[in-house]
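**Student:** Output the structure for:
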Amino acid sequence: MASNEPNVVSSHEGELKRTMTFFPALSTVMGTVIGAGVFFKAASVAAVTGSTSLHMLSWFLGGLISVCAGLTGAELAAAIPETGGMLRYIERAYGEFWSFLLGWAQVVIYFPANVAALSIIFGTQFKNLFGLSNAAIIPIAIIAATTIMLINFLGSKASGMFQSITLVCKLVPLALIVIFGLLRQGDVSVSLFPVEAGAHVGGFAPALGAGLLATMFAYDGWIHVGNIAGELKNPARDLPRAIAGGILGIMVVYLLVQFAFLRTLDISQLAGNENAAMDVAGKIFGGMGGKLVTIGILISVYGTINGYTMTGMRLPYTMGLEKQLPFSDKLAKLNKNKVPYIAGILELVIAVGMMMIGGFDMLTDMLVFVIWIFYTLVFIAVIKLRKSEPDLVRPYKVPLYPIIPIIAIVGGLFILVMTLINQFQLAMIGILITAIGIPFYLYLKKKYK
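**Tutor:** Take a look at the predicted model:
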């Protein structure tokens, strides 16, 4: 896309301003991905794998699948650089119905569940840091999500700048844990070979599947920079660079952080320990140093909530423009800063409801399962559109085609199948909530026909 393009998207985009450049886009990828997952999903991965070797393999394979996924999805992000991101890719490849289902799932499950889960983690760690009671967790979580929404109401430039600032802040505790955690004399011997599951986790394949599902939340978020493509100055150039470069950096950071964790806490001490990050920081830096690092981790989580809030509110807005949701006219409204504020309020209300009924792991596992149904469809769409639309301008093409898309597809199918095997009820709840959108689709399609 030409660099002398006007700073405002065409009228059907609702006059969204093109103000974001490469670094805010990269910050959105890394800032949205790096957050609660690297610190707090470690306990879940350790619990389901039961061994240091399979724990590390899960994080490595999760990163490998995510790199292949990012490199694959970036082709469509560059070729179809429109606000709505994945919504547009699915519509182009499969039609309006599947695009609506994705949008519905993102509006009522994916983005609110992310905000809710991350806010719960923020509230939990804030409570632990200051010695508050459990009753404080949900009120703190609601305050965190609400203040982030208010920042976003100031406009995409303000929220993008905030994302860049929190990215720098969150890299500090990561760097400290990696550097000092690896340089100090380890408390625990870490054995990476042979790769095997723990004695009480039910077998290698189920343990690996459960471990991958947990790591996918930590790696998730890379594709949603596509949602703000309509506000990037040069999306065709900057989207692929932001997605591919961001995930590669994240993968390296995650492996180093997990290794530092395992050198500090035994796998049994790490498994299921919601205070694992604070315990690791305390052992590495001592009491006061551990608290300062924990504050840095809280900033990291806060910035991650911002990433999902900033990108998530664009989905109800985009669907509102196209009359695809109830009260579409309201959802398509922008405030004076060109922000879809009513769509943002809707997402916040759903997120608060989820905070009341769901815990961190339940919410994250359900959202990962649902979104990976559509991620896998996106990977297949890259191959499908290569055949059906060979003349589509592709400023970036996935390397080693079709090997990398096939790896992404196989990885996606493995995650889905293993979730159905290991967490059938949770998977069915996600599918049911997604399917509830079908009557709305049929009604609205008939109404606006």
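
**Student:** Counting neighbours, what do you get for Ile415?
**Tutor:** Neighbour count of Ile415, defined by other Cβ atoms under 10 Å: 23. The way it works is simple: take the backbone N, C-alpha and C, and place the C-beta from them, glycine included.

**Student:** what's near enough to touch it?
**Tutor:** 65, 209, 212-213, 216, 368-369, 372 (Cβ atoms under 8 Å, 6 or more residues apart in numbering).

**Student:** What of Leu248?
**Tutor:** Val67.

**Student:** Tell me if it really is in a strand.
**Tutor:** No. Assignment of Leu248 by DSSP: H, G, I helix; E, B strand; the rest coil gives helix, placing it outside any strand.

**Student:** from now on call the first residue 56
**Tutor:** New numbering, starting at 56: the last item is Leu303.

**Student:** now it: how far from Leu209?
**Tutor:** Look at Leu303 and Leu209: by Cβ to Cβ, to the nearest Å, they are 32 Å apart.

**Student:** again, but for Gly466
**Tutor:** 38 Å.

**Student:** Also Val453?
**Tutor:** Distance from Val453 to Leu209, by Cβ to Cβ: 36 Å.

**Student:** again, but for Met75
**Tutor:** 14 Å.

**Student:** And these two? Which one has more around it.
**Tutor:** Met75 (26 against 14).

**Student:** Might one say that the more buried one is in contact with Ala213?
**Tutor:** No. Using Cβ atoms under 8 Å as the test, Met75 is too far from Ala213 to be in contact (11.3 Å).

**Student:** Now do the host helix or strand of Phe316, average pLDDT.
**Tutor:** Phe316 is located in helix 290-319, with elements delineated by DSSP states H and E. For helix 290-319, mean pLDDT is 82.

**Student:** Look up phi and psi at the nearest residue to Ala332 once chain neighbours are set aside.
**Tutor:** Excluding the flanking residues, the one nearest Ala332 by Cβ to Cβ, 6 or more residues apart in numbering is Phe94, at 4.0 Å. With angles defined as degrees, to the nearest 10, Phe94 sits at phi -90, psi -40.

**Student:** same deal with Met75?
**Tutor:** phi -90, psi 140.

**Student:** where in this protein is pLDDT low?
**Tutor:** Scanning the chain with the threshold set as pLDDT under 70 gives 56-73, 86-87, 90, 138-139, 222, 241-242, 277, 279-287, 290-291, 503-504.

**Student:** Packing partners of the helix of greatest length in it?
**Tutor:** For the chain, the helix that runs over the most residues, judged by DSSP state H, is helix 331-367. Helices and strands touching helix 331-367, by 3 or more Cβ pairs under 8 Å, 6 or more residues apart in numbering; DSSP states H and E, are helix 77-88, helix 91-104, helix 166-185, helix 192-207, helix 211-238, helix 290-319, helix 322-325, helix 396-412.

**Student:** Which residues belonging to it are considered buried?
**Tutor:** Using 16 or more other Cβ atoms under 10 Å as the test for burial, helix 331-367 gives 331-337, 339-340, 345-346, 348-367.

**Student:** chain center to it: distance?
**Tutor:** How far helix 331-367 lies from its chain's middle: 17 Å, per Cα atoms, centre = their mean, to the nearest Å.

**Student:** Give me the number of neighbouring residues for Ala265.
**Tutor:** 25.

**Student:** quick one, what contacts Ile428?
**Tutor:** Ile428 touches Leu471, counting by Cβ under 8 Å, 6+ apart.

**Student:** Swap in 6 Å and give it another go.
**Tutor:** Listed by Cβ atoms under 6 Å, 6 or more residues apart in numbering, Ile428 has no contact partners.

**Student:** Which of the helices or strands spans it?
**Tutor:** Going by DSSP H and E, Ile428 is in helix 415-443.

**Student:** orientation of that helix relative to helix 166-185 in degrees?
**Tutor:** Here helix 415-443 runs at an angle of 140 degrees relative to helix 166-185 (axes from the mean of the first three to the mean of the last three Cα atoms, to 10 degrees).

**Student:** what comes up buried for helix 415-443?
**Tutor:** Here helix 415-443 shows 415-438, 440-441 as buried, counting by 16+ other Cβ under 10 Å.

**Student:** can you check stretch 448-458 too?
**Tutor:** Buried, per 16+ other Cβ under 10 Å, within stretch 448-458: 449-451, 453.

**Student:** could I get these as TSV with distance to Ser113?
**Tutor:** As requested, these are exported to TSV (distance: Cβ to Cβ, whole Å):
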residue	distance to Ser113
Arg449	33
Pro450	34
Tyr451	29
Val453	25
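
**Student:** If we only consider the residues you listed, which is nearest to Leu389?
**Tutor:** Pro450 (28.6 Å; Cβ to Cβ).

**Student:** surely that closest one meets Ile135?
**Tutor:** No. Look at Pro450 against Ile135 with Cβ atoms under 6 Å: they stay out of range, at 10.8 Å.

**Student:** Okay, and the closest residue to Ile120 other than its chain neighbours sits in which element?
**Tutor:** Spatial nearest neighbour of Ile120, excluding adjacent residues (Cβ to Cβ, 6+ apart): Gly466 at 3.6 Å. Counting by DSSP H and E, the element that carries Gly466 is helix 458-477.

**Student:** send the alpha carbons of that helix over as PDB?
**Tutor:** The C-alpha atoms that make up helix 458-477 are tabulated as PDB, following Å, rounded to 0.1, in the frame of the first residue of the first chain:
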ATOM      1  CA  ILE A 458       5.400 -26.800   4.200                       C
ATOM      2  CA  ILE A 459       4.900 -24.100   6.800                       C
ATOM      3  CA  PRO A 460       1.100 -23.800   6.300                       C
ATOM      4  CA  ILE A 461       0.800 -27.600   6.500                       C
ATOM      5  CA  ILE A 462       2.800 -27.500   9.800                       C
ATOM      6  CA  ALA A 463       0.400 -24.800  11.100                       C
ATOM      7  CA  ILE A 464      -2.600 -26.900  10.000                       C
ATOM      8  CA  VAL A 465      -1.400 -30.100  11.600                       C
ATOM      9  CA  GLY A 466      -0.500 -28.300  14.800                       C
ATOM     10  CA  GLY A 467      -3.900 -26.700  14.900                       C
ATOM     11  CA  LEU A 468      -5.700 -30.000  14.400                       C
ATOM     12  CA  PHE A 469      -3.600 -31.700  17.100                       C
ATOM     13  CA  ILE A 470      -4.600 -29.000  19.600                       C
ATOM     14  CA  LEU A 471      -8.300 -29.300  18.700                       C
ATOM     15  CA  VAL A 472      -8.400 -33.100  18.800                       C
ATOM     16  CA  MET A 473      -6.500 -33.300  22.100                       C
ATOM     17  CA  THR A 474      -8.800 -30.800  23.700                       C
ATOM     18  CA  LEU A 475     -11.800 -32.800  22.600                       C
ATOM     19  CA  ILE A 476     -10.200 -35.900  24.200                       C
ATOM     20  CA  ASN A 477      -8.900 -34.300  27.400                       C
END
